[in-house]
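Trainee: the following comprises the amino acid sequence and a computationally predicted model.
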Amino acid sequence: MHISIFSSSSTDLTLIARSLPAYDCHGMQHLAEVQRAHPQLLIVDIASAGVQLAEIVKTAQAAVIPLLLLTSDAAHELAALSAYADNRLIESEFKPLRRNAIAAHVKLLLQRVYPEHNERKIQQFGHHVFESPAHIVTHAGKNTVLTQKEFALAILLFSNLGQPLSRAYLQENIWGLEDRDELPPRTIDTHVSRVRNKLNLRPENGFRLGTIYGYGYQLEKLTGSAD
């Protein structure tokens, strides 16, 4: 599913894309791009849209495209937002953006406009099959349910098999920059340990999820493993 993001902030674009990993997200900054793209959902930063906002909303409404408006608490942005308060195909989110909130708004809008929409996504790494949004990992005939963060961490590790991943990289991709100052010191270690235990990522099962002292973690597939 194609989602267009109208924003001049590269930071916001990156955060939104990471909030919606199952979707094809593209940034844009001009009304003509919106009109050509025909997205299934449009996310618009009110400040970036400026005087183009009314035409962008008009374009979205004419094509029945759900719209998520991003706003600050500036008076002129709130005034612009108030004009669309009663439109059920328009949701709003305040900045600074939060990944979970963005994902929740998008899910709600898609359900309203596309009742048949199926978010189920399958990713496979060897014999490990990852199903979202149920957060189920299937391996050797066994289904294991992970939490949202554990699932995201496991996907990241398998996507970078054999590559060392720094703690900073894991934190940014799983918890986001917005949680940098609030994340308890042992949170990453705890989640890595849970993923290792729940998925049995141990040498006797063909994998080693090891610590790289002073740096981070690495998931390795051991030589001779059948997976």
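Mentor: Alright, I've got the coordinates.
Trainee: in contact with Asn160, which residues?
Mentor: In this structure, Asn160 makes contact with Leu219, judged by C-beta atoms under 8 Å, 6 or more residues apart in numbering. From N, CA and C alone the C-beta is placed, and that goes for glycine too.
Trainee: low pLDDT regions in the chain?
Mentor: Using pLDDT under 70 as the threshold, the predicted model of the chain has low-confidence ranges 117-119, 177-182, 224-227.
Trainee: and the residue positioned nearest the centre of it, how far from Ala152?
Mentor: Among the residues of the chain, the one closest to the centroid is Ser19, at 2.2 Å (C-alpha atoms, centre = their mean). Summarising the geometry, the distance separating Ser19 from Ala152, computed by C-beta to C-beta, to the nearest Å, is 11 Å.
Trainee: ok, Ala103 next?
Mentor: From Ala103 over to Ala152 the distance is 11 Å, taken as C-beta to C-beta.
Trainee: gap between the top helix by length along the chain and the chain center?
Mentor: The helix spanning the most residues in the chain, taking DSSP state H as the definition, is helix 99-113. Helix 99-113 has its average C-alpha position 11 Å from the chain's average C-alpha position, going by C-alpha atoms, centre = their mean, to the nearest Å.
Trainee: again, but for stretch 78-97
Mentor: That offset, for stretch 78-97, works out to 21 Å (C-alpha atoms, centre = their mean).
Trainee: how about that stretch: buried residues?
Mentor: By neighbour count with 16 or more other C-beta atoms under 10 Å, stretch 78-97 contains the buried residues Ala80, Leu81, Tyr84, Ile90, Glu91, Ser92, Glu93, Leu97.
Trainee: now do stretch 194-201
Mentor: When burial is assessed from 16+ other C-beta under 10 Å, stretch 194-201 yields the following buried residues: Arg194, Val195, Arg196, Leu199, Leu201.
Trainee: swap in stretch 110-123?
Mentor: Leu110.
Trainee: now it - C-alpha only, PDB.
Mentor: Output of stretch 110-123 as PDB, limited to C-alpha atoms (Å, rounded to 0.1, in the frame of the first residue of the first chain):
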ATOM      1  CA  LEU A 110      -7.300   2.600   6.500                       C
ATOM      2  CA  GLN A 111     -10.000   0.600   8.300                       C
ATOM      3  CA  ARG A 112     -12.500   3.400   7.700                       C
ATOM      4  CA  VAL A 113     -11.800   3.800   4.000                       C
ATOM      5  CA  TYR A 114     -10.700   0.300   3.100                       C
ATOM      6  CA  PRO A 115     -12.800  -2.200   5.200                       C
ATOM      7  CA  GLU A 116     -11.400  -5.100   3.200                       C
ATOM      8  CA  HIS A 117      -7.800  -4.000   4.000                       C
ATOM      9  CA  ASN A 118      -5.700  -6.800   5.300                       C
ATOM     10  CA  GLU A 119      -2.500  -5.900   7.100                       C
ATOM     11  CA  ARG A 120      -1.200  -9.400   7.400                       C
ATOM     12  CA  LYS A 121       2.400  -9.500   6.200                       C
ATOM     13  CA  ILE A 122       4.800 -12.500   6.000                       C
ATOM     14  CA  GLN A 123       8.600 -12.300   6.000                       C
END
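Trainee: what lies in contact with that stretch?
Mentor: Stretch 110-123 is contacted from outside by 1, 22, 40-41, 64-66, 88-89, 107, 129-134, 155, using C-beta under 8 Å, 6+ apart.
Trainee: which of the buried residues of stretch 194-201 lies closest to Ser10?
Mentor: Each of these was checked against Ser10 using C-beta to C-beta; the closest is Val195, at 30.3 Å.
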